[in-house]
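A.B. asks: prediction below, plus the sequence it came from.
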Amino acid sequence: MRITDADGLRLTAFATNTTSVPIAALELRHRQRARAEDRIRAARATGLRNLPLHDTAQNQIWLEIVQIALDLLAWMPMLALTGETRRWEPRRLRLRLFSAAAQIVTTARRRHLRFARHWPWTEVITDALARLEALPSPG
């Protein structure tokens, strides 16, 4: 708890010169801006910090790849993750989920992913995969 906390709630303030707009609409606009800045930070962490190639056409392809990765990073927490894992930043997702060691195992004509049991986030990965499999197929 800090001195600026009241009954467990953090006190925040923002200043604006906008007139004749309800305070609820102003707060919504302010929170949406914060969400946009979170997306910008995620984009920089995903590969938008610099353009690694020399040709404009190659960098355009790079930007398309980064955009696909950002779309996946935006949808994955909403569809597959729960609790605290929904708020993980791209760097933490790469460290804990995307770099997990696994084997592709074929048994009874079916392919399975077998994750390392000692990996601390194996349960998070398997739960996320089960949630994605439970979604209805599009179309």
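C.D. replies: Arrived safely.
A.B. asks: what's the pLDDT at Arg109?
C.D. replies: Looking at Arg109, its pLDDT reads 91.
A.B. asks: tally of neighbours for it?
C.D. replies: Counted with other Cβ atoms under 10 Å, residues neighbouring Arg109 total 5. C-beta here means a position set from N, CA and C on the backbone, and glycine is covered the same way.
A.B. asks: go on, Leu9?
C.D. replies: 8.
A.B. asks: got it, and Ala15?
C.D. replies: Ala15 has 4 nearby residues by other Cβ under 10 Å.
A.B. asks: please shift the residue numbers so they start at 503 in all later answers.
C.D. replies: In the new numbering, first residue 503, that becomes Ala517.
A.B. asks: where does it sit: helix, strand or coil?
C.D. replies: What DSSP: H, G, I helix; E, B strand; the rest coil gives for Ala517 is coil.
A.B. asks: quick check: longest helix of this structure.
C.D. replies: helix 558-581 (DSSP state H).
A.B. asks: what mean pLDDT does the helix or strand encompassing Ile542 have?
C.D. replies: Ile542 is located in helix 525-545, with elements delineated by DSSP states H and E. Across helix 525-545, pLDDT averages out at 84.
A.B. asks: alpha carbons only: can I get the longest helix of the chain in PDB?
C.D. replies: Extracted in PDB, the C-alpha atoms of helix 558-581 (Å, rounded to 0.1, in the frame of the first residue of the first chain):
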ATOM      1  CA  THR A 558      12.400  -1.400 -49.000                       C
ATOM      2  CA  ALA A 559      10.600  -4.500 -50.400                       C
ATOM      3  CA  GLN A 560      12.400  -6.800 -47.900                       C
ATOM      4  CA  ASN A 561      11.600  -4.500 -45.000                       C
ATOM      5  CA  GLN A 562       7.900  -4.400 -46.100                       C
ATOM      6  CA  ILE A 563       7.900  -8.200 -45.900                       C
ATOM      7  CA  TRP A 564       9.600  -7.900 -42.400                       C
ATOM      8  CA  LEU A 565       6.800  -5.600 -41.300                       C
ATOM      9  CA  GLU A 566       4.100  -8.000 -42.500                       C
ATOM     10  CA  ILE A 567       5.700 -10.800 -40.500                       C
ATOM     11  CA  VAL A 568       5.900  -8.600 -37.400                       C
ATOM     12  CA  GLN A 569       2.200  -7.700 -37.900                       C
ATOM     13  CA  ILE A 570       1.200 -11.400 -38.100                       C
ATOM     14  CA  ALA A 571       3.200 -12.000 -34.900                       C
ATOM     15  CA  LEU A 572       1.400  -9.100 -33.200                       C
ATOM     16  CA  ASP A 573      -2.000 -10.400 -34.200                       C
ATOM     17  CA  LEU A 574      -1.100 -13.700 -32.700                       C
ATOM     18  CA  LEU A 575       0.200 -12.100 -29.500                       C
ATOM     19  CA  ALA A 576      -3.100 -10.100 -29.200                       C
ATOM     20  CA  TRP A 577      -5.400 -13.100 -29.800                       C
ATOM     21  CA  MET A 578      -3.500 -15.800 -27.900                       C
ATOM     22  CA  PRO A 579      -4.000 -14.300 -24.400                       C
ATOM     23  CA  MET A 580      -7.700 -13.800 -25.000                       C
ATOM     24  CA  LEU A 581      -8.400 -17.300 -26.400                       C
END
